[in-house]
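model this:
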Amino acid sequence: MNPASVGPSDTPDPQVPAGYFDAASTLPLRASARQALLAALDQGFADPSRRYHDARRARTLLDQARESVAAVVGARPDDVSFATSGTQAAHLAVLGLAKGRGRVGRRILVSAVEHSAVMHAANASPDAVTETIPVDAYARVTRQSVDEAVAPGDVALVAIQSANHEVGTRQPIDEIGQTLAPHNIPLVMDAAQTLGRDDVPTGWNILTGSAHKWGGPAGVGLLVIRQGTRWRSPLPEDLHEGGRIPGFVAIPQIVAAAVALQEAESERHEESDRLRRLTMRLRNELPTLIPDSVVLGHPDDRLPHLVTLSVAYVPGEAVLAEIDRAGFAVSSGSSCVAESLTPSHVLVAMGALTQGNIRISLPPRTRESDVDRFMSILPAIISSVRESLGAGDL
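From the prediction side, this is the model:
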């Protein structure tokens, strides 16, 4: 079974539940990936490092998956390693670069809106100093801000995501890569939100991603390290995945992830145009339907499927509970949850309201009728929550 030759299945993908608008968090497993997973459980069980027949077949499946992923991200197959999650890939990317370039620089520069996995890895790097690069009101890093951040020197690495996970703003990765190249400073790009949904920029040295975001199985992450990057594993020595990822390789899950990514890539142009029309409606109409609300993120240079609405005078979690009762699954643009009162660092960095945020992220094949229904119920939900809190007259 060659993942590079598996296209969209004649069997429809599992139906995404009507009203599931949390694609930025995760997607259900695609039907094509499910079929590839089941086949690879039988065909790819053996140790790919051995020499016997079953092992060679398993190795072939792994190599084909690696080639398929490399073609999508614009890298060499031997640049691609499979981690156990996007989080592990992000940790290894940052910690491995900091270790590999420890004699070159101690400063780790991260955008102020990076995913927490990147932030935590930077802060955990021994002997390194983490600094943040500011963003504008759209959560966008500018080339000038990167220039200013790297000017003092002593930089081990810069980490900037391809697009923001909370508000959807794309980052100018290629411009930033051009800024860093003359200084020989490597760029780590967290591409979790864009793989299978958007063009892959070229200005990075290390790319990370997570399969469950594009309809692959959970438990597979991407760590792609371009040739010539001074990366050293921060973990005890292990020979798996070129010495980058420890432990036995989960070939069936990796095969399924590669098939899902290829299918997502094959349909994304058409789907992105359709989803952008739907999210444009949400961006344009919701602020007129809901008083004291504003859409966050860049109006144009953004992901096609994601909209974040900031609503005054309501706590985000109370609104999400009512939206759930109405049959829709969305998330909060703030990281405030019942267990934590810490506001989202992304929204703080943008200077945005850190409560009352609703992140709407549409999965592939979202029906326009579901968007219509969501727009019809949300204003009443906001009004009801405000009245229950005594804010209805504000």
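
Can you pull the poorly scored residue ranges out of the protein?
1-15, 333-341, 391-394 (pLDDT under 70).

Packing partners of the helix or strand containing R277?
Using DSSP states H and E, R277 falls within helix 251-289. On a contact count with 3 or more C-beta pairs under 8 Å, 6 or more residues apart in numbering; DSSP states H and E, helix 251-289 meets helix 31-43, helix 53-73, strand 293-296, strand 306-311, helix 368-388. From N, CA and C alone the C-beta is placed, and that goes for glycine too.

let's see it at 6 Å
The helices and strands touching helix 251-289, judged by 3 or more C-beta pairs under 6 Å, 6 or more residues apart in numbering; DSSP states H and E, are helix 31-43, helix 53-73, strand 306-311.

Quick check: phi and psi on the nearest residue to G153 once chain neighbours are set aside?
Closest residue to G153 apart from its sequence neighbours, by C-beta to C-beta, 6 or more residues apart in numbering: G105 at 7.2 Å. With angles defined as degrees, to the nearest 10, G105 sits at phi -160, psi 160.

picking up where we left off before, output the helices and strands packed on helix 251-289 in a markdown table, with distance to W231 and mean neighbour count appended to each entry.
As requested, these are exported to a markdown table (distance: least, C-beta to C-beta, whole Å; neighbours: other C-beta atoms under 10 Å):
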| stretch | distance to W231 | mean neighbour count |
| --- | --- | --- |
| helix 31-43 | 29 | 20 |
| helix 53-73 | 16 | 19 |
| strand 306-311 | 30 | 26 |
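
returning to that earlier point: the residue nearest to G153 contacts D154, correct?
Yes: the criterion here is C-beta atoms under 6 Å, and G105 meets it with D154 at 4.5 Å.

which of those two has more neighbours?
Applying other C-beta atoms under 10 Å to G105 and D154 shows that G105 carries more neighbours, namely 19 against 10.

ok, back up a step: can you pull the contacts of the residue nearest to G153?
The neighbours of G105, taking C-beta atoms under 6 Å, 6 or more residues apart in numbering as the test, are D154, V155, A156.

Hmm, P217 is touching I254, no?
No: look at P217 against I254 with C-beta under 6 Å: they stay out of range, at 8.9 Å.

More neighbours: which of the two?
I254 (28 against 21).

Regarding V129, what are the backbone dihedral angles?
Here V129 shows phi and psi, under degrees, to the nearest 10, equal to phi -120, psi 120.

now do V94
phi -70, psi -50.

So it sits against A121, correct?
Yes: counting by C-beta under 6 Å, V94 does reach A121; the two are 3.9 Å apart.

So for those two, which sits in the more crowded spot?
V94 (32 against 28).

Mark out where each domain of this protein begins and ends.
Per the record, the chain has its domains at 30-263, 268-388, by automatic domain parsing.

Which of these sits closest to P17?
Taking C-beta to C-beta, domain 268-388 is the member of the domains of the chain nearest to P17, at 7.3 Å.

from the chain's centre, how far out does that closest one sit?
Using C-alpha atoms, centre = their mean, to the nearest Å, the mean C-alpha position of domain 268-388 is found 18 Å from that of the whole chain.
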